[in-house]
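Engineer: sequence and predicted structure are below.
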Amino acid sequence: MDIIVLRPTATKEDIQHITKRLHGLGLKAQVSRGTERTIIGVIGDTSKVTEEVEDAIRAMDAVEDVMRILKPYKLASRDFRKAPTRIKVRDKVIGGKRLAIIAGPCSVEGRTMIIETAMMVQKAGANFIRGGAFKPRTSPYSFQGLGEEGLRYLAEARERTGLPVVTELMDPRDMELLERYADVIQIGARNMQNFRLLLEVGMSKKPVLLKRGLSATIKEWLMSAEYILSRGNQKVILCERGIRTFETATRNTLDLSAVPVLRELTHLPVVVDPSHGVGKWDLVPAMAKAAVAAGADGLLIEVHPRPEEALSDGEQSLKPKVFQKLMKELAPIAKSVGREL
Ligand code: PEP
Ligand code: MN
């Protein structure tokens, strides 16, 4: 037994009663209230639940059905929740009709540059500002980010523009800082299977943007989402950012088929990051358009006012003009798949 589907008439007391019963079995209940039905996800080692117990729960008045989910990820699966999850971030929504366009530099490099970028991307139609303050760099000698100072500048950029802030958390010890400044916590590709970090953000109230690991299968990626969901945080956004293949013409191979595959497997919103996917700015617009056509809920795009001066990922960052042009070109594509910018 993994899911308990309640009748529309189920009361608060019924839910409490079932939750208590599950606690008695050493299990936890994850209550998910939908528009039509409330569903209880049963978390823990459900293999210990005997058929008799399952039948007893099924027999309760408030219970419509009891189901097993065969997939290893349960809370993330489409069987758990049929309707797509919409995640509210300040006055914006990720997973709704309007696409989430998360734009900004790879790293926050200074106060004026991030404010300048935020104002520019907002004018072009972006609805989130991104920028790393803690950077997962391959080399320990590369720019590692401005830390809290960078977070402060991001918060100032938000004040100026109203754009919610997406920024990466690398270390559970920085959780408090991120809670204070970020609107969406990014978990980078290199940390997709950092399970301690996942559990930490699973206890946060902030939405989490979970990037796909460099060599992670979709199943492994969903299991990582499950770590976060299992701790109670229901606000997980998946971000496809390219995977390692034998191909060297691009930085990674952007797996756009992940978008329709995830649509079938999960209710969680999916955004695509063509910047890290291809690694070259001139290839980004084509893949951004393809991602929207494939049904992505949004895009994460690196934009820098002067890419040639960037302290990280300059070669894949769009110049303001290129970003503005792309935003215009995306509009009819979004419309053709029933979305808007
Ligand atoms: C980034 O978003 O700047 C980043 C480091 O991405 P990834 O973790 O996908 O490499
Ligand atoms: Mn980057």
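Structural biologist: It's in. Ligands and ions are numbered 1, 2, ... in the order given.

Engineer: excluding chain neighbours, what is closest to Asp174?
Structural biologist: Leaving aside its sequence neighbours, Asp174 sits nearest to Phe134 (CB to CB, 6 or more residues apart in numbering; 6.3 Å). No exception for glycine: its C-beta is placed from N, CA and C like everyone else's.

Engineer: need the pLDDT of that neighbour.
Structural biologist: pLDDT, Phe134: 97.

Engineer: that one - how many residues pack around it?
Structural biologist: Phe134 has 23 neighbours, counted by other CB atoms under 10 Å.

Engineer: can you pull the contacts of it?
Structural biologist: By CB atoms under 8 Å, 6 or more residues apart in numbering, the residues touching Phe134 are 144-145, 147, 150, 167-171, 174.

Engineer: distance of Asp297 relative to Ala291?
Structural biologist: Asp297 is 10 Å from Ala291, where distance means CB to CB, to the nearest Å.

Engineer: with Arg68 instead?
Structural biologist: 34 Å.

Engineer: ok, these two, which is more surrounded?
Structural biologist: Ala291 (29 against 13).

Engineer: show the pLDDT at that one.
Structural biologist: Reported pLDDT for Ala291: 98.

Engineer: do Met1 as well
Structural biologist: So Met1 comes in at 68 (pLDDT).

Engineer: just checking, Trp240 touches Gly277?
Structural biologist: No Trp there; residue 240 is Glu. Yes - using CB atoms under 8 Å, Glu240 makes contact with Gly277 at a distance of 7.3 Å.

Engineer: okay, and the common contacts of these two?
Structural biologist: Counting by CB under 8 Å, 6+ apart, the contacts common to Glu240 and Gly277 are Leu254.

Engineer: helices of this protein, residue ranges please.
Structural biologist: Using DSSP state H, the helices assigned to the chain run over residues 12-24, 51-58, 111-124, 148-161, 175-181, 195-202, 218-230, 258-265, 274-278, 284-293, 320-336.

Engineer: among those, which is the most enclosed?
Structural biologist: Highest mean neighbour count of the helices of the chain: helix 274-278, a mean of 26 (counted as mean count of other CB atoms under 10 Å).

Engineer: so which residue of the stretch 151-300 of the chain comes closest to ligand 2?
Structural biologist: His276 (5.9 Å; CB to the ion).

Engineer: doesn't Ile243 make contact with that residue?
Structural biologist: No - assessed by CB under 8 Å, His276 is found out of contact with Ile243, at 10.5 Å.
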